[in-house]
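Participant: Have a look at this fold, sequence not included:
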């Protein structure tokens, strides 16, 4: 069990860092859920509100930065305290980025709501559900200092990667069927990529927690399964993924 | 039987990648002040170059251990040291050891600057004179100049070498003491909280100086400032209640210590 600091205020400041991370993380989760919900409902007004609400996430990130810097200046943290501050600064920047992706989804929703609906939004929703779960579990792991839970997050990112690859292929077929789908499908492709990146960010939060606890991050490469960038359409209009290349891909 | 040392090349910071032998090897060192035991079975190797810092709360034994390294504890009534301390393989507690010669090999700088009540020149020339190191006046002059240059003080005192050392500022006096230690060409310089009586600028000068001196001398420093230990040393040893709790690369000790007691101390927690 971690002992308390002799200077009690220091404990309170570190606790406040965690509270701010929890608040920022909760907002990022909510922004993503709302953005995807507005996408499904084709609700441009709601999407507008969500895009505007991103400002609060930016403010919270700044607040965490200021507190982290303030702790470094006044407490000169060492060992686990230093790692808590570093992990918090890195995690807040990731959560703010997740908020940006949610905002981007909201903006694309405004455009998509003016076009005919495409069936793929359901696949997007499944992917978003998975991404949201990853963020939620990563945040739980972070705030409860649960390394085992963080390992689960790291191992499950490939599910989102696979969903992105399959959505990429699905959207390609829609575009080939009818060029009038291209605009909407392109927006959905970007949304899919945003969700895939959000999954990566959840993994980074999990790794930040591992650093916070152990002082290192795992040596082994992250499990990855994103083969979308090897997907091609051949001369017979058949969509395929060069799986032999994808399997050998260097993981990041 | 030869004593095996435990310093692995990887245990040193990148600045000292070629450290393969130890200057000091301490094994099972116990120290008693009368009936009271101050150190308990200390096993510690000090690498042959770079700075090793000893940290720990007051009364943990770090200064006691430092003073064992040049037998300064001999001067304390009732102090008994047992175990082995080897300097480059020689047992410094052997009956045959000339303690005066040992203290020339292992110089010391104290918490409070303690220049002799003599001129700046004579403070530095004192050691070479009594050890008969210089064979002529010009050689002695060169030694004084070289030592003051090494200690980063020459430019500040060149035009007043005949004035009393006690007339210098605190930081200058401490650098004069370092010059005095260097003048007898030691292998090791021990520093017992050398900056605790100095302001931040004078402290920075001493720390800068340590960065240069560590190329040539083995330096062991006792400090209460963990930030100072982190800044100046490549290896750090943490003492607590007379025991050596943990020793390792400074970067490891201050980012990811192995022992809970180290963690509690350096993060300012109640153990």
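Facilitator: That came through, no problem. As the structure is a prediction and not an experimental result, all values here were calculated from the model. Numbers count the residues shown, from 1 in each chain, chains lettered A, B, ... in the order given.

Participant: which stretches of the stretch 151-271 of chain B form helices?
Facilitator: Secondary structure of the stretch 151-271 of chain B, counting by DSSP state H, counting those that start in this stretch: helices at B:154-157, B:170-183, B:200-213, B:226-232, B:250-255, B:260-266.

Participant: I would like the residues contacting the first one, please.
Facilitator: Contacts of helix B:154-157 from elsewhere in the structure, counted by C-beta atoms under 8 Å, 6 or more residues apart in numbering or on different chains, are B:120, B:145, B:148, B:168, B:172, B:176. To be clear about C-beta, it is placed using only N, CA and C from the backbone, and glycine gets the same treatment.

Participant: got the contact list for the spatially most central residue of chain B?
Facilitator: In chain B, the centroid-proximal residue (C-alpha atoms, centre = their mean) is residue B:190; its distance is 1.6 Å. Residue B:190 is in contact with B:66, B:67, B:69, B:70, B:106, B:107, B:108, B:109, B:219, B:220, B:221, counting by C-beta under 8 Å, 6+ apart.

Participant: Grab the nearest non-local neighbour of it.
Facilitator: Nearest residue to residue B:190 in three dimensions, chain neighbours excluded: residue B:108, at 4.5 Å (C-beta to C-beta, 6 or more residues apart in numbering or on different chains).

Participant: Kindly list the main-chain dihedrals of the one you found?
Facilitator: Note on residue B:108: backbone dihedrals following degrees, to the nearest 10 are phi -140, psi 140.

Participant: Go ahead and confirm it touches residue B:180.
Facilitator: No. The pair residue B:108 / residue B:180 is not scored as a contact, 10.2 Å apart, by C-beta atoms under 8 Å.

Participant: ok, the two, which is more surrounded?
Facilitator: The neighbour comparison of residue B:108 against residue B:180 (other C-beta atoms under 10 Å in any protein chain shown) goes to residue B:180, with 27 against 20.

Participant: Chain A versus the more buried one, what's the distance?
Facilitator: 33 Å (C-beta to the nearest C-beta, to the nearest Å).

Participant: How about residue B:27?
Facilitator: Distance, residue B:27 to chain A, using C-beta to the nearest C-beta: 28 Å.

Participant: Name the secondary structure element that contains that residue.
Facilitator: When secondary structure is defined using DSSP states H and E, the element that contains residue B:27 is strand B:22-33.

Participant: In the helix or strand just after that strand, which residues are buried?
Facilitator: Proceeding N to C from strand B:22-33, the next assigned helix or strand is strand B:36-47, under DSSP H and E. If you call a residue buried by 16 or more other C-beta atoms under 10 Å in any protein chain shown, then strand B:36-47 has these buried ones: B:38, B:39, B:42, B:44, B:45, B:46, B:47.

Participant: Give me the nearest residue to the fourth one, chain neighbours excluded.
Facilitator: In this case it means residue B:44. For residue B:44, ignoring the flanking residues on the chain, the nearest one in space by C-beta to C-beta, 6+ apart is residue B:26 at 4.7 Å.

Participant: Also the third one?
Facilitator: The spatially closest residue to residue B:42, leaving aside those adjacent along the chain, is residue B:29, at 4.2 Å (C-beta to C-beta, 6+ apart).

Participant: these two touch, right, that neighbour and residue B:83?
Facilitator: Yes. Using C-beta under 8 Å, residue B:29 and residue B:83 qualify as a contacting pair, with a distance of 3.7 Å.
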